[in-house]
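Undergrad: sequence first, predicted model second:
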Amino acid sequence: MKKKILFLGAAPTQIPPIQYALEQGYHVITCDYLPDNPGHRLAHESYNVSTTDKDAVLEIAMRLGIDAIVAYASDPAAPTAAFVSARLGLPGNPYQSVLTLARKDLFRAFLEENGFNVPLSRSFKEQEREDARAWLMEIGLPAFVKPVDSSGSKGVTRLDMPEKFNEAFDHALKFSHEKMVVVEAQITRAHYQVAGDGFLVNGKLAFRCWADEHFDKLCNGLVPIGQTFPTSHPEAWLQVAHDESQRLLTLLDMKTGALNFDFLFTKNGELFFLELGPRNGGCLIPEVIRYSTGIDLIKCTVDAALGLPCKDLIQTRPCGFWSSYMIHSIETGIFEEIWFSERIKTRIVTMDLWVSPGDKVEKYLGSNHTLGTMILRFESLDEMLEIVDNMEHDIRVICEATET
């Protein structure tokens, strides 16, 4: 009998593990509250159910007798996967640990309790707005206002003016399932923010591949537009990050599966974890890692969910200079075309465009405004960083502006 795998999410970025499962001959089931998401069309069965509705997903899983559950590239869905796997005795991680990693308020509290560096940060419920405002005045500006439980940088504001506080607080609430908001001080980083993915085998961080993370200064400055591999940070700093990541994961009794990292270093080399998501990264991170190292974290994710060994998973250095890139618009309007410079055309490895001429596009304020994805390859680290940091010279979304 075919193994049954339940995938939480069917968005374009969540298709790779679904495709792998189909190639292996597994029976694929998808859950997603958006019925038009393309992953549903690939599945043998699909259900229009929110991936954050633990009880509804558990009911489906029990009724269908699933053999594995996968929450790919989704922080909100990760606790649901852990909840279901624990109830059904499937491979997975402790529910409370996954919830701690997936929620910013719980993660910040965990870091502080266990002696990790942590920014000045507090969380507030919807009715505690004035307490949050007082805390903002205490920590000073600039500061960040974020939902405790969103992903893809949705609902995040970098606040520079106190009079914009209400707007930022409301924006964060809009994207919070728990209706809670984190207000935290900005940390001045020494270099690029670090992103990337890793993988746990029997509680050990068996593999990690880290990148420099890039943002569009013309548009938002908070939502990643791509990651460049390998990272340009010193190896000694990366070893500290590895050791502290292992300490963190051991404390939480995390055992298996994919991890998504976001951290930074101060000018003194102090490590600050921003996120350590209990899931694969978005922004094509697993795909770029596969190109640059030969390690297939998509395969490992599905195999590990079924309890299969990940025998080929060993620490491997990136070979060459690779980048993901999120195609996006710096303004709201009607999509016309994408302009590419001649030099960038020679660097394109793959491109997947999700919009057509005449479609409305939104200014890039969250991963939900991504118009498509690309993987690029460069000749050197310096060339890669120079181009990706100034991508407006090489890739432009052309659209007819409309009133917002």
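TA: Everything's here; your move. Bear in mind that the values here come from a model prediction, so they are computed numbers and not experimental data.
Undergrad: can we go C-alpha only for contacts and neighbour counts from here?
TA: Fine.
Undergrad: for the helix or strand harbouring residue 247, buried residues please.
TA: Assigned by DSSP states H and E, residue 247 belongs to helix 235-251. Residues 238, 241, 242, 244, 245, 246, 247, 248, 249 are the ones in helix 235-251 that count as buried (16 or more other C-alpha atoms under 10 Å).
Undergrad: what of stretch 173-193?
TA: 173-176, 179-187, 189, 192-193.
Undergrad: next one: that stretch to chain centre, how far?
TA: Relative to its chain's centre, stretch 173-193 lies at 14 Å (C-alpha atoms, centre = their mean, to the nearest Å).
Undergrad: now do that stretch, average pLDDT.
TA: Confidence for stretch 173-193, expressed as mean pLDDT, is 94.
Undergrad: follow-up on the earlier one: now, which of the buried residues of stretch 173-193 lie within strands?
TA: 180, 181, 182, 183, 184, 185, 193 (DSSP state E).
Undergrad: and stretch 7-27, how far from the chain's centre?
TA: 17 Å.
Undergrad: show the end-to-end separation of that stretch, please.
TA: 11 Å (C-alpha to C-alpha, to the nearest Å).
Undergrad: any regions of the stretch 201-350 of the chain where pLDDT drops low?
TA: Within the stretch 201-350 of the chain, no range satisfies pLDDT under 70.
Undergrad: in it, which spans are strands?
TA: With strands called from DSSP state E, counting those that start in this stretch, the stretch 201-350 of the chain shows them at 204-215, 224-229, 257-265, 271-277, 321-327, 333-340, 348-353.
Undergrad: give me the nearest residue to residue 319, chain neighbours excluded.
TA: With C-alpha to C-alpha, 6 or more residues apart in numbering as the criterion, residue 319 has its nearest non-adjacent residue at 5.2 Å, and that residue is residue 292.
Undergrad: burial of that neighbour, as a residue count?
TA: Counted with other C-alpha atoms under 10 Å, residues neighbouring residue 292 total 21.
Undergrad: residues contacting it?
TA: By C-alpha atoms under 8 Å, 6 or more residues apart in numbering, the residues touching residue 292 are 229, 318, 319, 320, 321, 322.
Undergrad: same deal with residue 349?
TA: 374, 375, 376, 377.
Undergrad: how about residue 75?
TA: Going by C-alpha under 8 Å, 6+ apart, residue 75 touches 102, 149, 150, 151, 277, 278, 279.
Undergrad: on that earlier part again, next, format the contacts of residue 292 as TSV and append neighbour count and distance to residue 356.
TA: Formatted as TSV, the contacts of residue 292 follow (neighbours: other C-alpha atoms under 10 Å; distance: C-alpha to C-alpha, whole Å):
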residue	neighbour count	distance to residue 356
229	29	30
318	21	34
319	13	35
320	15	33
321	22	30
322	25	27
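Undergrad: circling back: residues making contact with the helix holding residue 247?
TA: Taking C-alpha under 8 Å, 6+ apart as the rule, helix 235-251 contacts 203, 204, 205, 269, 271.
Undergrad: who's in contact with the second one?
TA: Contacts for residue 204 were tallied using C-alpha under 8 Å, 6+ apart; they are 246, 255.
Undergrad: switch the contacts of residue 75 over to a markdown table; also include distance to residue 119.
TA: Below are the contacts of residue 75 laid out as a markdown table (distance: C-alpha to C-alpha, whole Å):
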| residue | distance to residue 119 |
| --- | --- |
| 102 | 17 |
| 149 | 18 |
| 150 | 19 |
| 151 | 19 |
| 277 | 18 |
| 278 | 21 |
| 279 | 23 |
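Undergrad: let's see the ChimeraX selection covering just the buried ones among the residues you listed.
TA: A single ChimeraX command selects the buried members of these (16+ other C-alpha under 10 Å):
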select :102,149,150,151,277,278,279
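Undergrad: nearest to residue 357, of the contacts of residue 75?
TA: Comparing these against residue 357 with C-alpha to C-alpha places residue 151 closest, at 28.2 Å.
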